[in-house]
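**Q** fold the following for me, if possible:
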Amino acid sequence: MHALKGRAHRIAADGEVYGQHPARERELFVVPRPFRRVVRFLVNLASGRIHIPNHAGTVSALALFAATGLYGMSLGGHSQTVAQATTTAAGFAIEDVKVSGNSETSEIDILEKLGLDGETSLVALDINAARSRLAELPWVEEVELRKVYPKTVEVNLKERKAYAIWQHGQDLSLIEKNGSVIEPLRDNKFANLPLFVGRDAETAAAKFEKDFSKWPQVRELVKAYVRIAGRRWDLHLKNGIVVKLPEEGIDQALTLLTRMDQEQRLLERDIVGVDLRLPDRTAIRLSPGAVERRQAALDARTKALKKLGNPT
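**A** Numbers count the residues shown, from 1 in each chain. From the prediction side, this is the model:
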């Protein structure tokens with residue numbers, strides 16, 4: 001019985017069902033299984049059993065033309081332009097940009113990097129590309145960008161921190177604590193930051209300044225830290241005195257300098273330099289005026305001694 005039911009559902013090429021006319025079964029063509037639903041649909045369509053809505057052909061043709069047009073625009077690279085124009089017309093044009101976390105980065109620079117022209121669509125805005133452009137700004141360390149529909153973009157920045165000023169040749173640059181250059185120094189806003197001068201000074205600055213922090217009395221007098229041959233430091237004081245530090249044993253040298261200044265007020269005298277490079281001696285260089293005064297005092301002392309030795 002099961003076998004007979006199976007045969008009763010076999011469909012011939014012309015739609016006739018097996019089992020109804022056994023005499024003709026040998027003449028009929030058996031449709032392969034994968035195509036049976038298609039043939040059944042066509043038979044029902046031809047017999048009027050399936051109803052096609054009005055204007056279905058028109059809609060299908062329009063859909064075909066639209067798909068073809070979109071494919072052509074995609075090949076021509078115009079899909080982004082069309083998408084932007086469409087979404088802008090639909091009320092998604094960016095009208096507000098909210099910026100937070102910026103202290104040194106101007107909002108004008110941010111807007112330029114976003115590339116907004118008053119008609120830019122929020123839907124068509126490429127967040128990843130905009131984030132990459134904002135990251136190119138000198139002060140930007142991290143950036144978060146978010147779309148807030150229908151018309152707002154939120155920009156949250158984390159900026160780099162200026163640690164010191166680095167002079168290399170005639171150029172002055174702001175640097176981070178790790179020595180990375182932020183941007184050229186453009187105004188006096190950061191004039192109170194420590195000044196490091198010379199090759200490799202920017203990378204050695206943080207470690208030296210940390211070690212030097214144990215000597216606040218001397219640090220307050222320093223105008224610039226000058227790196228010499230990438231090995232040691234000279235301290236240029238605000239009053240013009242240059243203190244030459246050794247390559248090693250900086251703590252001992254600064255201990256001696258502090259003691260001499262406390263006991264003899266050395267750094268207030270008419271001198272131009274203190275050489276602490278040798279551990280067993282300290283060389284002090286007088287200013288030209290002090291040299292003249294010292295020479296005049298020596299000459300006067302010599303004359304006085306001669307008078308005492310040769311009375312008239």
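
**Q** so residue 124: helix, strand or coil?
**A** Here residue 124 is coil, with the state taken from DSSP: H, G, I helix; E, B strand; the rest coil.

**Q** that one and residue 93: what is the separation?
**A** Plainly put, residue 124 is 10 Å away from residue 93 if you go by CB to CB, to the nearest Å. Every C-beta, even on glycine, is put in place using the N, C-alpha and C of the backbone.

**Q** before we move on, what about residue 262?
**A** Going from residue 262 to residue 93 by CB to CB gives 70 Å.

**Q** more crowded one of those two?
**A** The neighbour count for residue 262 versus residue 93, taken as other CB atoms under 10 Å, is higher for residue 93 (19 against 11).

**Q** and the gap between the more buried one and residue 253?
**A** Remark: distance between residue 93 and residue 253 (CB to CB) = 66 Å.

**Q** and if you look at residue 200?
**A** As judged by CB to CB, residue 200 and residue 253 stand 20 Å apart.

**Q** more neighbours, these two?
**A** Counted by other CB under 10 Å, residue 200 and residue 253 do not tie: residue 253 has more neighbours, with 21 against 14.

**Q** that one looks like it's in a strand, true?
**A** No: using three-state DSSP, the assignment for residue 253 is helix, not a strand.

**Q** excluding sequence neighbours, find me the nearest residue to it.
**A** Leaving aside its sequence neighbours, residue 253 sits nearest to residue 276 (CB to CB, 6 or more residues apart in numbering; 4.0 Å).

**Q** shouldn't that neighbour be in contact with residue 256?
**A** Yes: here residue 276 reaches residue 256: they are 6.6 Å apart, a contact under CB atoms under 8 Å.

**Q** any common contacting residues for the two?
**A** Residues within reach of residue 276 and of residue 256 at once, by CB atoms under 8 Å, 6 or more residues apart in numbering, are residue 282.

**Q** of these two, who's got more company?
**A** Regarding residue 276 and residue 256, a neighbour count based on other CB under 10 Å identifies residue 276 as having more, with 21 against 15.

**Q** next, the contact list for that one, please.
**A** When contacts are counted by CB under 8 Å, 6+ apart, residue 276 is found next to 243, 244, 245, 246, 253, 256, 257, 282.

**Q** from these, which is closest to residue 152?
**A** Within the contacts of residue 276, proximity to residue 152 (CB to CB) peaks at residue 245, which comes in at 56.0 Å.

**Q** tell me how far the closest one lies from residue 227.
**A** Spatial separation of residue 245 from residue 227 under the definition CB to CB is 11 Å.

**Q** okay, and the common contacts of the two?
**A** residue 233.

**Q** just checking, residue 225 touches residue 193?
**A** No: proximity of residue 225 to residue 193 does not meet the contact threshold set by CB under 8 Å, at 11.6 Å.

**Q** count of neighbours near residue 225?
**A** When neighbours are defined as other CB under 10 Å, residue 225 has 23 of them.

**Q** quick one: residues contacting it.
**A** Counted by CB under 8 Å, 6+ apart, residue 225 has contacts 194-197, 201, 205, 208-209, 212, 233-236.

**Q** now do the SS call for it.
**A** Three-state call for residue 225 (three-state DSSP): strand.

**Q** what's the neighbour count on residue 162?
**A** For residue 162, the neighbour count with other CB under 10 Å is 19.

**Q** grab the nearest non-local neighbour of it.
**A** Here the residue nearest residue 162, using CB to CB, 6+ apart, is residue 174, at 4.5 Å.
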